[in-house]
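Undergrad: model this:
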Amino acid sequence: MGEDLRRRLRELGVARGVHELAMLPPRRCVAIEDLVPGRFHTTSHGQCFVAEATFPPDHLHGDLPLSSFLDLSPEVTAQVARDSALAGVDLRRVCFLDTETTGLSGGAGTMAFVVGLGFFAEEGFHVRQYFLRDPGDEPAMVEALAELLPESEALASFNGRAFDVPILENRFILARIPPPTTGMPHLDLLHPARWLYHYRLPSCALSSLEHEVLGVLREQDDVPSGVIPYLYRDYLRTGDAREMKRVLYHNVVDILSLVTLAARLCRTFADPWAEAELSGPELYGLGRWYAAEGRPAETERAYRASLGTDLTPDLRAKALRDLAYLLKRADRRTEAFAYWQQLALETADDVLAHVELAKYFEWHVEDLSLAVRWTRAALAQVESWPTTGTRREAALAELRHRLARLERKMGKSQSPNPKTQDCREA
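TA: Numbers count the residues shown, from 1 in each chain. Got it, this is the predicted structure:
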């Protein structure tokens, strides 16, 4: 192979053999400050780089403007977060938090190399991203965060209560600085998002919610969250920050999505009937959320509304079951009867409704023959189940025991009273 051809191949990144790798042209290093607008923040522990961006209040992120969050009631955010302290918070002083870390499992050894904070200011919605050009910059970053975070009255995040905040608090503790997030009210959007969208979406990851709920489309500059720790390790090795620009873009979009997701969730939970028509799975999820809140009237309305939509058979069975149980607990057993009966007709892999109907006829209608009939129907259905596993045998044993007890009870009720019989004969 000629030397000219070797040179051209090396320029294209082609190498033959490990010994040729040393002859490849070095990768060009590009500093983060040359790629994104920002500044260096100076503290007593040195400097850290801060990328900054400002968005106008009417900036559309998905199908909602950022300012829609400010139209919410603090009482509603407190209810959605299940944190009563949020009821007294000025929503303009809520800090939206998202971090990019060196690992996805958390723990004391995990470091946040990007801490993104979003908050409303006079000029609009401001995003600051504290970036570690080197792990040695962490003391400066921690000190800078300790200066800014106390200016906020509350946090908003997506799984931040379990992930982002503990990581930051660990770093504050290691720096011997009291964590400013301790005791701060927190709107963690993951849990209400799961309540509402779990039965509609296969995943409630933020990226899935962006695409399916918020109408957010990320640009090609984005990077999958799962590879971000590896990209940072590569950056530390090479000093080339070009991939870090993509990571910062990913983080900015996450923060903007927190704002519109918070607005969407709070508006829906505050008045779901005023919002755009919810899907059947969302209505069922809403009913379960109301049930967990101890709001039976709203629970019933949501369950009934979900049953009026095109639910999958499995989800329809869940809605029938939960509505029937709700009515039963309210001692509205006659109303519950209709839903137990419908559930019994529609399901073949469960006999819960048959058993509930048998109980209803035994104890409330006092018609033992119908109680026996429903128990026998349940037995016939269970006998058609697959013979593998223990579920079938356990169900058969329970139903046979119930049937035997009902038949004994029915036999006693039909046998004549000896004293009455003697009187008749006399």
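Undergrad: Identify the residues contacting the closest residue to Ser73 other than its chain neighbours.
TA: Nearest residue to Ser73, sequence neighbours excluded (Cβ to Cβ, 6 or more residues apart in numbering): Ala270, at 6.9 Å. Quick note: C-beta positions are derived from backbone N, CA and C, even for glycine. Ala270 makes contact with Leu72, Ser73, Val76, Gln79, according to Cβ atoms under 8 Å, 6 or more residues apart in numbering.
Undergrad: Run a quick neighbour tally on the second one.
TA: With neighbours defined by other Cβ atoms under 10 Å, the count for Ser73 comes to 13.
Undergrad: gap between it and Met184?
TA: Distance from Ser73 to Met184, counting by Cβ to Cβ, to the nearest Å: 20 Å.
Undergrad: which outside residues touch stretch 298-316?
TA: 199, 272, 278-281, 283-284, 286-288, 290-291, 319-320, 322-323, 326-327, 346.
Undergrad: Show me what the mean pLDDT comes to for it.
TA: Averaged over stretch 298-316, pLDDT sits at 97.
Undergrad: gap between the two ends of that stretch?
TA: Length of stretch 298-316, first residue to last, Cα to Cα, to the nearest Å: 18 Å.
Undergrad: ok, and for it, which residues are buried?
TA: For stretch 298-316, a neighbour-count test (16 or more other Cβ atoms under 10 Å) marks 298-303, 305-307, 309, 311, 315-316 as buried.
Undergrad: which one among the contacts of Ala270 gets closest to Gly215?
TA: When these are ranked by distance to Gly215 (Cβ to Cβ), Leu72 comes first, at 19.1 Å.
Undergrad: Which residue, neighbours along the chain excluded, lies closest to the closest one?
TA: For Leu72, the closest residue by Cβ to Cβ, 6+ apart turns out to be Cys266, at 4.8 Å.
Undergrad: And the next helix or strand past the longest helix that the chain contains?
TA: When the chain is parsed with DSSP state H, its longest helix is helix 242-270. As assigned by DSSP states H and E, the chain's next helix or strand after helix 242-270 is helix 280-292.
Undergrad: domains for the chain, by residue range?
TA: By the assignment in automatic domain parsing, the chain contains the domains 1-28, 32-270, 272-331, 348-416.
Undergrad: pLDDT on the second one, on average?
TA: Averaged over domain 32-270, pLDDT sits at 96.
Undergrad: starting at the chain centroid, how far to that domain?
TA: 16 Å (Cα atoms, centre = their mean, to the nearest Å).
Undergrad: Could you shift the numbering so residue one becomes 10, and keep it that way?
TA: In the new numbering, first residue 10, that becomes domain 41-279.
Undergrad: Just the endpoints, please. Distance across that domain?
TA: From its first residue to its last, domain 41-279 covers 42 Å (Cα to Cα).
Undergrad: nearest spatial neighbour of Leu126, skipping sequence neighbours?
TA: Arg137 (5.1 Å).
Undergrad: Torsion angles phi and psi at the nearest residue to Gly248 once chain neighbours are set aside?
TA: Excluding its sequence neighbours, the residue lying closest to Gly248 (Cβ to Cβ, 6+ apart) is Cys38, at 4.2 Å. For Cys38, the backbone dihedrals are phi -90, psi 130 (criterion: degrees, to the nearest 10).
Undergrad: And the pLDDT at Cys38?
TA: Here, the pLDDT recorded for Cys38 equals 85.
Undergrad: so it touches Arg246, yeah?
TA: No: with contact defined as Cβ atoms under 8 Å, Cys38 does not count as touching Arg246 (11.0 Å).
Undergrad: between the two, which one's more packed in?
TA: Cys38 (12 against 9).
Undergrad: Tell me how far the more buried one lies from Ala300.
TA: From Cys38 to Ala300 the distance is 57 Å (Cβ to Cβ).
Undergrad: what ranges do the strands span in this protein?
TA: Listed in chain order, the strands found in the chain under DSSP state E are 47-52, 55-64, 69-70, 73-74, 103-110, 121-130, 133-140, 163-166, 195-197.
Undergrad: In TSV: those, plus mean neighbour count and distance to Trp383.
TA: What follows is the strands of the chain, written out as TSV (neighbours: other Cβ atoms under 10 Å; distance: least, Cβ to Cβ, whole Å):
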stretch	mean neighbour count	distance to Trp383
strand 47-52	15	71
strand 55-64	18	61
strand 69-70	18	54
strand 73-74	20	50
strand 103-110	25	54
strand 121-130	22	58
strand 133-140	21	60
strand 163-166	24	50
strand 195-197	23	45
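Undergrad: got TSV for the ones you listed, with distance to Lys254 too?
TA: Output for the strands of the chain, formatted as TSV (distance: least, Cβ to Cβ, whole Å):
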stretch	distance to Lys254
strand 47-52	11
strand 55-64	9
strand 69-70	20
strand 73-74	26
strand 103-110	13
strand 121-130	12
strand 133-140	10
strand 163-166	23
strand 195-197	29
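Undergrad: and of those, who's closest to Ala347?
TA: Of these, nearest to Ala347 by Cβ to Cβ is strand 195-197, at 39.0 Å.
Undergrad: got the contact list for that closest one?
TA: By Cβ under 8 Å, 6+ apart, the list of residues contacting strand 195-197 reads 86, 89-90, 92, 95, 103, 163-171, 174, 271.
Undergrad: Equivalent analysis for stretch 167-186, please.
TA: For stretch 167-186, contacts defined as Cβ under 8 Å, 6+ apart pick out 106-108, 110, 115, 117, 119-121, 124, 147-148, 151-152, 154-155, 164, 166, 187-191, 195, 197-199, 202, 215, 263, 267, 270.
Undergrad: do stretch 65-77 as well
TA: 64, 79, 129, 133-134, 219, 223-225, 265-266, 268-269, 272-273, 276.
Undergrad: Look up how far Ala40 lies from the residue nearest to Gly296 when sequence neighbours are not counted.
TA: Of all residues not flanking Gly296 in the chain, Ala311 sits nearest, at 3.4 Å (Cβ to Cβ, 6+ apart). When distance is defined by Cβ to Cβ, Ala311 is 53 Å away from Ala40.
Undergrad: sorry, back to before: quick one: the residue nearest to Leu81 from Leu95, how far?
TA: 10 Å.
Undergrad: Mutual contacts of those two, please.
TA: Residues touching both Cys275 and Leu95 (Cβ under 8 Å, 6+ apart): Thr86.
Undergrad: tell me the contacts of Arg382?
TA: Going by Cβ under 8 Å, 6+ apart, the list of residues near Arg382 is empty.
Undergrad: Please repeat the previous calculation with a cut-off of 10 Å.
TA: By Cβ atoms under 10 Å, 6 or more residues apart in numbering, the contact set of Arg382 is His363, Leu366, Ala367, Phe370, Asp376, Leu415.
Undergrad: And for Glu109?
TA: 121-125, 138, 140-141, 173, 232, 234, 237-238, 240-241, 253, 256-257, 259-260, 263.
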